[in-house]
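# take this sequence and fold it.
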Amino acid sequence: MTSAPVPVPGPGLTPATSPLWDPTQYLRHADHRARPFTDLLARVPDLPTTPPRVADLGCGPGNVTRLLADRWPTARITGYDNSPEMLDRAHTEHAGPTPGGGTLTFAAADARTWTPAEPHDLIISNATLQWVPGHTTRFADWIDALTPGGVLAFQVPGNFDAPSHRILRELATTARWKTRLNGVLRHGDAVLTPQSYLAELTGLGCTADVWETTYLHLLTGDDPVLDWIKGTGLRPVLTALADAPEERDAFVAAYRTALREAYPATAHGTPFPFRRVFAVARRNT
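Here you go, the predicted structure:
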């Protein structure tokens, strides 16, 4: 990932340059966003310890973190994120004892430096590591922190070459905005290929299951692709232009027009293809 500009940090990071996150906007497409997490979770094997210790790295508003308590009712689960807004929503709606006798808590953390203070049975991350430059360099520390038979599992978007992201980068490099938006957007090498993740994880002594899926989300409403991206990929732009509302609104208007052409609506909604890469790595005993 050395050739790309340093991405602006996102969930799980703490620098002042981190984009401002809006839990309400993010959750507008909660069902579609949660599906990759449930697909990832379905491939996680039974954990070695009872009750298990679990970390959700980049937990956002906590809506998918709570699914971990459904799978492991007695688990001690902590969701980590950098966004005060996201953590406040998670605390308010999901923190506390779980019906199965476990606990669900949330805390601030920086994914670039976070290492568990105690052995964990599962470290899981949903659509976060793409915001962490060089995230594969963290794998060794996280795997070392797993109990024997413990699991590192994650999914990341693999759609950086899709029209939604190409158009965003192209607009950001036009004369009107390139000075203010220089370096704030991620490029295609923010994530690795499935083959590269497999090599990284097996090279660290894990048994790894790596795959990719392209979802074909059928979105509804006015400008639904723009509405989706306002909750994630557009956040760095909205943050960088927050003190220039006319420039921000002009950027969003130009982006909206281009997205309408790239993702035309049909009688039944707007198809939005979205590729994701998944990995489940079990530490060998």
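# and the helices in the chain?
Assigned by DSSP state H, the chain shows helices spanning 23-26, 30-42, 65-71, 84-94, 139-144, 163-172, 178-181, 194-203, 224-230, 235-240, 245-262.
# so for the last one, what's the average pLDDT?
Right, the one you point to is helix 245-262. Mean pLDDT, helix 245-262: 97.
# go on, the third one?
Averaged over helix 65-71, pLDDT sits at 96.
# show me which positions of the lowest-mean-pLDDT helix or strand in the chain end up buried.
Lowest mean confidence among the helices and strands of the chain (mean pLDDT, DSSP states H and E): helix 23-26, at a mean of 76. Across helix 23-26, burial judged by 16 or more other C-beta atoms under 10 Å covers 23, 25-26. All C-beta atoms are positioned from the backbone trio N, CA, C, and that covers glycine.
# C-alpha coordinates for that helix, CSV please?
These are the backbone C-alpha positions of helix 23-26, laid out as CSV (Å, rounded to 0.1, in the frame of the first residue of the first chain):
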residue,chain,number,x,y,z
PRO,A,23,-24.7,7.3,13.3
THR,A,24,-28.1,8.2,12.0
GLN,A,25,-26.9,8.5,8.4
TYR,A,26,-24.9,5.3,8.7
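# that one - contacts with which helices or strands?
Under the contact criterion of 3 or more C-beta pairs under 8 Å, 6 or more residues apart in numbering; DSSP states H and E, helix 23-26 touches helix 84-94.
# elements contacting the helix it packs on?
With contacts taken as 3+ C-beta pairs under 8 Å, 6+ apart, helix 84-94 sits against helix 23-26, helix 65-71, strand 76-81, strand 103-108.
# most tightly surrounded among those?
Highest mean neighbour count among these (mean count of other C-beta atoms under 10 Å): strand 76-81, with a mean of 25.
# which strands or helices does that strand pack on?
strand 53-57, helix 65-71, helix 84-94, strand 103-108.
# now, among the buried residues of helix 23-26, which is nearest to residue 189?
residue 26 (24.6 Å; C-beta to C-beta).
# which residue packs closest to the closest one, ignoring adjacent ones?
Once flanking residues are discounted, residue 26 sits nearest to residue 231: 4.0 Å by C-beta to C-beta, 6 or more residues apart in numbering.
# tell me the contacts of the one you found?
22, 25-29 (C-beta atoms under 8 Å, 6 or more residues apart in numbering).
# could you export the buried residues of helix 23-26 as JSON lines, including distance to residue 176?
Listed next are the buried residues of helix 23-26 as JSON lines, based on distance: C-beta to C-beta, whole Å:
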{"residue": "23", "distance to residue 176": "30"}
{"residue": "25", "distance to residue 176": "25"}
{"residue": "26", "distance to residue 176": "28"}
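# closest one to residue 112 out of those residues, please.
For the buried residues of helix 23-26, the nearest to residue 112 is residue 26 (21.6 Å; C-beta to C-beta).
# which residues touch residue 61?
23, 26-27, 86, 89-90, 93.
# correction: residue 103
Contacts of residue 103 (C-beta under 8 Å, 6+ apart): 76-77, 96-97.
# ramachandran angles for the residue positioned nearest the centre of the chain?
The chain has residue 127 as the residue nearest its centroid, 1.9 Å off, counting by C-alpha atoms, centre = their mean. Main-chain dihedrals, residue 127, degrees, to the nearest 10: phi 50, psi 50.
# per-residue confidence for it?
We have a pLDDT of 93 for residue 127.
# likewise the one 5 residues further on?
In this model, residue 132 is scored at 92, pLDDT.
# roughly how far does it sit from residue 147?
Residue 132 is 24 Å from residue 147, where distance means C-beta to C-beta, to the nearest Å.
# ok, now residue 28?
Distance, residue 28 to residue 147, by C-beta to C-beta: 37 Å.
# can I get the helices and strands packed on helix 84-94 in TSV with distance to residue 261?
Converted to TSV, the helices and strands packed on helix 84-94 look like this (distance: least, C-beta to C-beta, whole Å):
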stretch	distance to residue 261
helix 23-26	23
helix 65-71	36
strand 76-81	35
strand 103-108	40
